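Novice: Take a look and give me a structure for this.
(one chain, ligands or ions: 1)
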Amino acid sequence: MNAIEVRGLRKDYGDNTAVAGIDLHVTKGEIFALLGPNGAGKTTTVEILEGHRHRTSGEATVLGEDPGKAGRHWRSRIGIVLQTATDSAELTVAETVKHYAGYYPSPRSITDVLDVCGLTEKAGARIRSLSGGQRRRLDVALGIVGNPELLFLDEPTTGFDPQARRQFWDLVRTLAADGTTILLTTHYLDEAEALASRLAVIADGRIVAEGTPATLGGRETALATVTWTDHTGAHELRTDDPTGAVVALAGREISGLRVHQPTLEDVYLDLIGAKA
Ligand SMILES: Nc1ncnc2c1ncn2[C@@H]1O[C@H](COP(=O)(O)OP(=O)(O)OP(=O)(O)O)[C@@H](O)[C@H]1O
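Specialist: Numbers count the residues shown, from 1 in each chain. Next up is the predicted model:
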């Protein structure tokens, strides 16, 4: 059963086509990442799926309903992590989470939400005293307090330090392990690789590749590059058998031997470069 199904989705703003007919599906319980350069159409797509924007044409089904027509009950089944969810700087963390819980028919317990978001120690702290990373955790807390089946995370770790990002990834994994389906948009390839079971790359409003982090864009069959230096100079070999190449070099006087398999970032840059 799919949490999200999209066919031929299109959004025009006057003469500008932001989303040019995309197909995708997100299976229940998976973490799906949407990648793409600035202006590719990610936010437009996600906002249509959240029911916040009307599509020009195509079909979209989110948790079994058309997001363009769905009502309050459907809305309570999805969670959206906004960039700046709250401006009540004088409220405490717990007060804010409690306030948002009041909007939902069957919210999670406040204690549980604070715990899973790593905010228990900050329960009594005023929002204005939080660090950027703690603020973002609060944004997530507000996105999940309604106990959503599907969570939208739009560039969740922008501005995080490396440690805060790792902690946030653990939080996302915990939510997914609890059965929450997650649609993540991100500019960070390592984030997509660490979290997503599947991902799609969108460029110029079209999906240019879709797959798992290991297979996207033919990554698993792409050639490796072996580089080394010997007395004649520097060498570079592109090969589908890097192990064989290294074995063949054994016993020779070389230095700086390196084997480079294409990273997700290499594949991604190729994909969007081809569209630029
Ligand atoms: N309200 C709007 N009116 C007109 N054009 C818009 C509107 N919103 C977005 N666009 C255009 O649609 C295209 C896609 O924008 P969108 O925000 O979906 O991209 P994105 O992939 O989310 O980019 P980013 O990574 O920068 O957030 C862009 O060309 C943008 O200028």
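Novice: In terms of helices and strands, where is the residue most central in space within the chain?
Specialist: Among the residues of the chain, the one closest to the centroid is Leu184, at 2.7 Å (CA atoms, centre = their mean). Here Leu184 is covered by strand 181-185, with elements defined by DSSP states H and E.
Novice: Whichever helix or strand comes after that strand close to the ligand?
Specialist: With elements assigned by DSSP H and E, the helix or strand that comes after strand 181-185 is helix 189-195. No. Using CB under 6 Å from any ligand atom, helix 189-195 stays clear of the ligand, with a minimum separation of 13.5 Å. Using the backbone N, CA and C atoms, a C-beta is placed for each residue, glycine as well.
Novice: So which bits of helix 189-195 are buried?
Specialist: Leu189, Glu191, Ala192, Glu193, Ala194, Leu195 (16 or more other CB atoms under 10 Å).
Novice: How about stretch 262-276?
Specialist: Under 16+ other CB under 10 Å, the buried positions of stretch 262-276 are Pro262, Leu264, Asp266, Val267, Tyr268, Leu271, Ile272.
Novice: and which of those is nearest the ligand?
Specialist: Ile272 (11.2 Å; CB to the nearest ligand atom).
Novice: And the pLDDT at that closest one?
Specialist: Note on Ile272: pLDDT of 86.
Novice: So it, which state does it fall into?
Specialist: helix (DSSP: H, G, I helix; E, B strand; the rest coil).
Novice: what sits against it?
Specialist: Ile272 sits next to Gly36, Pro37, Ala40, Val201, Ala203, Val208 when contact means CB atoms under 8 Å, 6 or more residues apart in numbering.
Novice: Those residues: which two are farthest apart?
Specialist: Pro37 and Val208 (10.8 Å; CB to CB).
Novice: Now intersect the buried residues of stretch 262-276 with the strands, please.
Specialist: Assigned to strands by DSSP state E, none of the buried residues of stretch 262-276 qualify.
Novice: so what's the residue nearest to the centre of the chain up against?
Specialist: Applying CB under 8 Å, 6+ apart, the residues near Leu184 are Ile31, Phe32, Ala33, Leu34, Leu153, Pro156, Val172, Glu191, Ala192, Leu195, Ala196.
Novice: What separation is there between Asp230 and the ligand?
Specialist: Shown here: Asp230 relative to the ligand, a distance of 45 Å by CB to the nearest ligand atom, to the nearest Å.
Novice: Quick check: closest non-adjacent residue to that residue.
Specialist: Ile254 (4.8 Å; CB to CB, 6 or more residues apart in numbering).
Novice: And the helix ranked longest in the chain, what does it pack against?
Specialist: What stands out as the longest helix in the chain, according to DSSP state H, is helix 162-177. Using 3 or more CB pairs under 8 Å, 6 or more residues apart in numbering; DSSP states H and E, the elements in contact with helix 162-177 are helix 110-116, helix 132-144, strand 181-185, helix 189-195.
Novice: Rounded mean pLDDT for the third one, please.
Specialist: Spelled out, it's strand 181-185. Taken as a whole, strand 181-185 has a mean pLDDT of 96.
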